[in-house]
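Asker: Would you be able to build a 3D model of this:
(one chain, ligands or ions: 2)
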Amino acid sequence: MTSPSTATSIPPVDTEKSALLTASQLNKTVQVGEQKLSIIKDVDIYVNAGEFVVIMGKSGSGKSTLLGLLAALDYPDSGTVSLADQTLSSLDEDSLAVIRQQDMGFVFQSFHLLPTLTVAENIAFPLDIARRPNPARVNELIDAVDLGHRRHSLPNQLSGGEQQRTAVARALVSHPKIVFADEPTGNLDEQNADQVMQLLLDLRQQVGSALVVVTHDPALAEMADRVITMHDGRIVPT
Ligand SMILES: Nc1ncnc2c1ncn2[C@@H]1O[C@H](COP(=O)(O)OP(=O)(O)OP(=O)(O)O)[C@@H](O)[C@H]1O
Ligand SMILES: [Mg+2]
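Answerer: Residues are numbered from 1 along each chain as shown. Ligands and ions are numbered 1, 2, ... in the order given. Model prediction:
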């Protein structure tokens, strides 16, 4: 049964039009010996401002490759990625570097901290290279991830959980529009994984960043606004 009022009153919302990040018809191939392998196939994806999106799928399904393309760390063979109306695929490396510094945050499975910088210097790094140093903001983040007692330590003096908390603070320090995380808890035990993920979710909520997380953790998927599943280089239709 349909009533005329419900059938006509609410127009459909075009989420893709208002999206922060939009990728369309992404394709990526790699050369393996004589063969050209297609590893990302006709992927269309969008992420709204402030949205928490989880990407799942079997090992080898293309999740990390896709994240690298969305974050403009890697170029697609064809297709476009746009962030806040800027087409990333048409920009040169210098312009992309500025966008990565100002608008994006990153958290990787293996932490990727700069080994010669202390906790405080690693967290300050995105602000310092953008020539916008802000010691008060750095202190705020150090406290938020509970590393005040470790601020002068080098990464190799830290536990895995402490390293990833540093990486989470670094990812959010400059109020990025979007944060990309590739299995951010993959190298941590359950207790540290929960703590790191909760910090990432809390901080991104304070900042208002969108968050795209690749994970195998179903508990995390339950918390997401939207879950995207990949299979063999494609997004599985929902
Ligand atoms: N540079 C490369 N050269 C050859 N093959 C590659 C390259 N990069 C990725 N691949 C292949 O592309 C496919 C997708 O890789 P990708 O790392 O994106 O998978 P994934 O979904 O992140 O897997 P995992 O869950 O194990 O991290 C895999 O089959 C992988 O072997
Ligand atoms: Mg991966």
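
Asker: Going by C-alpha atoms from here, please, whenever you check contacts or count neighbours.
Answerer: Noted.

Asker: any idea whether the residue nearest the centre of the chain is helix, strand or coil?
Answerer: Nearest residue to the geometric centre of the chain (C-alpha atoms, centre = their mean): residue 180, 0.8 Å. Three-state assignment for residue 180 (DSSP: H, G, I helix; E, B strand; the rest coil): strand.

Asker: which residues does it bridge with?
Answerer: Here residue 180 sits in beta bridges with residue 106, residue 212, as judged by DSSP bridges.

Asker: Might you report the residue contacts of it?
Answerer: Listed by C-alpha atoms under 8 Å, 6 or more residues apart in numbering, the contact set of residue 180 reads 67, 71, 104, 105, 106, 107, 211, 212, 213.

Asker: Nearest to ligand 1 among the residues you listed?
Answerer: Of all the contacts of residue 180, residue 67 has the smallest distance to ligand 1: 8.1 Å, by C-alpha to the nearest ligand atom.

Asker: Tell me, how many residues neighbour that closest one?
Answerer: Number of residues near residue 67 (other C-alpha atoms under 10 Å) recorded here: 19.

Asker: so which strand or helix has it?
Answerer: helix 63-70 (DSSP states H and E).

Asker: follow-up on the earlier one: by neighbour count, which of the contacts of residue 180 wins?
Answerer: Per-residue neighbour counts (other C-alpha under 10 Å) across the contacts of residue 180 peak at residue 211, which has 29 neighbours.

Asker: thought that residue was touching residue 48?
Answerer: No: if you go by C-alpha atoms under 8 Å, residue 211 and residue 48 don't touch, sitting 9.5 Å apart.

Asker: Which SSE is immediately downstream of the worst-scoring helix or strand of the chain on mean pLDDT?
Answerer: Lowest by mean pLDDT, DSSP states H and E among the helices and strands of the chain is helix 4-9, with a mean of 45. The first helix or strand that comes after helix 4-9 along the chain, using DSSP H and E, is strand 21-32.

Asker: Regarding residue 110, what is its secondary structure?
Answerer: Residue 110 falls in the coil class when you classify it by three-state DSSP.
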